[in-house]
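*Asks:* Below are the sequence and a predicted model for it; my questions follow.
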Amino acid sequence: MIRTGKKGFTLLELILAITLFSLVALIIGAGFRLGIKAWEKGDAETFETQKLRALSGLISQSIKSAYPYKMEIDGEETVLFEGDEHSIIFATALVDPSFGGFKWVMLSYSEGALRFADGVLPDKEFRDADPEDEEVIDPDTEEIRFEYLAGPDDEWEESWEFGDKLPVAVRVKIAYFQPFLITLPLGLAGQEEHGHL
């Protein structure tokens with residue numbers, strides 16, 4: 001028997017090598033796709049978190065500046081602060097320093113968008129603000145809800161009517177995130193004046 005010394009792969013070995021290579025490539029590709037999806041999901045969650053921080057900061061800063069501005073509404077002297085689950089209107093002294101004075105601010109949520117409107121006081125037309133004058137702050141928000149607290153021993157309410165004082169706090173829920181609390185310093189001061197604290 002003569003041996004030639006030539007070595008090679010059999011057809012079976014070649015098929016097994018190609019099959020193993022294909023399986024390894026498939027596993028690596030699936031892992032790569034999974035990594036990209038996880039990266040994209042992380043980016044989307046980061047964007048949502050940043051959006052929440054920006055919205056909550058804006059809403060919080062606005063509402064904290066609420067001032068117990070008194071004016072005649074429906075024939076009665078009342079503090080300009082009213083709200084329900086999806087909108088809130090109040091007076092603030094945060095205006096252009098060159099102008100001074102007070103302005104009314106309205107934050108409202110409708111059709112998936114957070115909207116903002118304002119005007120100079122005394123302006124009794126704030127209730128009839130033109131929707132075209134509203135600025136859209138965020139056009140794509142799942143949900144925004146406001147709740148109001150009259151005093152430390154009271155329950156949270158879904159609305160606040162015009163009256164003689166500001167609420168002590170406002171609770172805001174944005175989409176699926178945890179609600180956050182906004183304390184109104186001048187609301188607390190009003191409680192002390194009325195002897196409720």
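*Replies:* Alright, I've got the coordinates.

*Asks:* helices and strands around the longest helix seen in the chain, which ones?
*Replies:* If each helix of the chain is counted by residues according to DSSP state H, the longest one is helix 11-64. Applying 3 or more C-beta pairs under 8 Å, 6 or more residues apart in numbering; DSSP states H and E, one finds that helix 11-64 contacts strand 87-92, strand 103-110, strand 135-138, strand 169-174, strand 180-183. Every C-beta, even on glycine, is put in place using the N, C-alpha and C of the backbone.

*Asks:* What mean pLDDT does that helix get?
*Replies:* This predicted structure assigns helix 11-64 an average pLDDT of 83.

*Asks:* show me the residues around the closest residue to Asp84 other than its chain neighbours that make contact.
*Replies:* Nearest in space to Asp84, with sequence neighbours left out and distances taken as C-beta to C-beta, 6 or more residues apart in numbering, is Ser159 at 4.5 Å. When the contact criterion is C-beta atoms under 8 Å, 6 or more residues apart in numbering, the partners of Ser159 are 83-85, 148.

*Asks:* Adding distance to Thr10, mean neighbour count and mean pLDDT, write the helices and strands packed on helix 11-64 out as a markdown table.
*Replies:* Converted to a markdown table, the helices and strands packed on helix 11-64 look like this (distance: least, C-beta to C-beta, whole Å; neighbours: other C-beta atoms under 10 Å; pLDDT from 0 to 100):
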| stretch | distance to Thr10 | mean neighbour count | mean pLDDT |
| --- | --- | --- | --- |
| strand 87-92 | 79 | 22 | 92 |
| strand 103-110 | 72 | 20 | 90 |
| strand 135-138 | 67 | 13 | 84 |
| strand 169-174 | 67 | 20 | 92 |
| strand 180-183 | 70 | 14 | 89 |
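
*Asks:* Need the ones you listed in JSON lines (columns: distance to Ile15).
*Replies:* What follows is those, written out as JSON lines (distance: least, C-beta to C-beta, whole Å):
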{"stretch": "strand 87-92", "distance to Ile15": "71"}
{"stretch": "strand 103-110", "distance to Ile15": "64"}
{"stretch": "strand 135-138", "distance to Ile15": "59"}
{"stretch": "strand 169-174", "distance to Ile15": "59"}
{"stretch": "strand 180-183", "distance to Ile15": "63"}
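
*Asks:* Specify the angle between the longest helix of the chain and strand 103-110 in degrees.
*Replies:* On the basis of axes from the mean of the first three to the mean of the last three C-alpha atoms, to 10 degrees, helix 11-64 is oriented at 150 degrees to strand 103-110.

*Asks:* what angle separates helix 11-64 from strand 87-92?
*Replies:* Going by the same axes, to 10 degrees, helix 11-64 makes 50 degrees with strand 87-92.

*Asks:* and the next element down the chain from helix 11-64?
*Replies:* Next helix or strand after helix 11-64 toward the C-terminus (DSSP states H and E): strand 66-67.

*Asks:* List the buried residues of the helix or strand just after that following strand.
*Replies:* Elements were assigned by DSSP H and E; along the chain past strand 66-67, the next helix or strand is strand 70-73. Applying a neighbour-count criterion of 16 or more other C-beta atoms under 10 Å, one finds Met71 buried in strand 70-73.
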